[in-house]
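Undergrad: This is a predicted model, with the sequence first.
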Amino acid sequence: NAGVTQTPKFQVLKTGQSMTLQCAQDMNHEYMYWYRQDPGMGLRLIHYSVGAGITDQGEVPNGYNVSRSTTEDFPLRLLSAAPSQTSVYFCASRHPEAWNEQFFGPGTRLTVL
Amino acid sequence: KQEVTQIPAALSVPEGENLVLNCSFTDSAIYNLQWFRQDPGKGLTSLLLIQSSQREQTSGRLNASLDKSSGRSTLYIAASQPGDSATYLCAAYNQGGKLIFGQGTELSVKP
């Protein structure tokens, strides 16, 4: 199994540009999450999904959209990038009943100029 | 609103020392508490999960404890090694099933 994969690993955007961060998992996990990690602030939940076709907002959803058309994929869209969105983004997934098996991807480091 | 705090933010110790990392949370109605390890430029690896009905969990040289009444968890690392150098994050599951993370403690173990 590849686990949780994220692309790209690094990205530089200009203010106002849009882009999609890709996340995929091959473990048939129903639950998937997007977090951002900023220095000194730990990880904060952006959006999450409990199954295909179901998404919900986390702690910091503004400026981001998600969709979940398949169990495997959970893309995160930045509609109009802002410097405040410069961060490291992590995708994670888990089985609904496996509390201690949340798997994280390697992250995408995004810089918005 | 649940808040999770980790102290200290950074810690440097000589190899072989036993050490304790601290984690505190504001809402005692947590469901589970989990400790993660993060290596530079990498994702998170789960170390230990303590369910709300448990007091501690052990894995090798790691022991994590949970005291819900005082809102505290500790991660004890015995006989530290340079390979233990990483950032350690604690996270509390609230009753909505979401993880609330602390800011992390960056550990450096010197040979």
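TA: Structure's in. What do you need?
Undergrad: is it true that B:Gly83 lies in a helix?
TA: Yes - under DSSP: H, G, I helix; E, B strand; the rest coil, B:Gly83 sits within a helix.
Undergrad: In space, what's closest to it - neighbours in sequence excluded?
TA: Spatial nearest neighbour of B:Gly83, chain neighbours left out: B:Val109 (7.8 Å); criterion: C-beta to C-beta, 6 or more residues apart in numbering or on different chains. Just so you know, the C-beta spots here come from the backbone N, C-alpha and C atoms, and that holds for glycine as well.
Undergrad: Could you look up the SS state of the closest residue to A:Gln17 other than its chain neighbours?
TA: Of all residues not flanking A:Gln17 in the chain, A:Ala81 sits nearest, at 5.1 Å (C-beta to C-beta, 6+ apart). Here A:Ala81 is coil, with the state taken from three-state DSSP.
Undergrad: give me every residue that touches A:Ala81.
TA: With contacts defined as C-beta atoms under 8 Å, 6 or more residues apart in numbering or on different chains, the neighbours of A:Ala81 are A:13-19, A:112.
Undergrad: Just the buried subset of the residues you listed, written out for PyMOL, thanks.
TA: Selection of the buried residues among these in PyMOL, burial being defined by 16 or more other C-beta atoms under 10 Å in any protein chain shown:
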select buried, chain A and resi 13+112
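Undergrad: And the furthest pair within the contacts of A:Ala81?
TA: A:Thr15 and A:Met19 (12.3 Å; C-beta to C-beta).
Undergrad: hang on, the earlier thing: distance-wise, check the residue nearest to A:Gln17 relative to A:Lys14.
TA: With the distance defined as C-beta to C-beta, to the nearest Å, A:Ala81 ends up 7 Å from A:Lys14.
Undergrad: Between the two, which contacts overlap?
TA: Common contacts of A:Ala81 and A:Lys14, defined by C-beta under 8 Å, 6+ apart, comprise A:Val112.
Undergrad: re earlier: pipe the contacts of A:Ala81 into TSV and attach secondary structure and pLDDT per row.
TA: Formatted as TSV, the contacts of A:Ala81 follow (DSSP: H, G, I helix; E, B strand; the rest coil; pLDDT from 0 to 100):
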residue	secondary structure	pLDDT
A:Leu13	strand	96
A:Lys14	coil	97
A:Thr15	coil	97
A:Gly16	coil	97
A:Gln17	coil	97
A:Ser18	coil	96
A:Met19	strand	96
A:Val112	strand	97
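Undergrad: Averaged pLDDT, stretch A:86-97. What do you get?
TA: Average pLDDT, stretch A:86-97: 92.
Undergrad: Output that stretch as CSV, nothing but the C-alphas.
TA: Extracted C-alpha coordinates of stretch A:86-97, given in CSV (Å, rounded to 0.1, in the frame of the first residue of the first chain):
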residue,chain,number,x,y,z
THR,A,86,1.4,30.1,3.4
SER,A,87,1.7,26.9,5.4
VAL,A,88,2.4,23.2,5.4
TYR,A,89,-0.7,21.2,4.5
PHE,A,90,-1.3,17.7,5.7
CYS,A,91,-3.9,15.2,4.6
ALA,A,92,-4.8,12.3,6.8
SER,A,93,-7.2,9.4,6.8
ARG,A,94,-8.5,6.7,9.1
HIS,A,95,-11.1,3.9,9.5
PRO,A,96,-14.1,5.2,11.5
GLU,A,97,-13.5,2.8,14.4
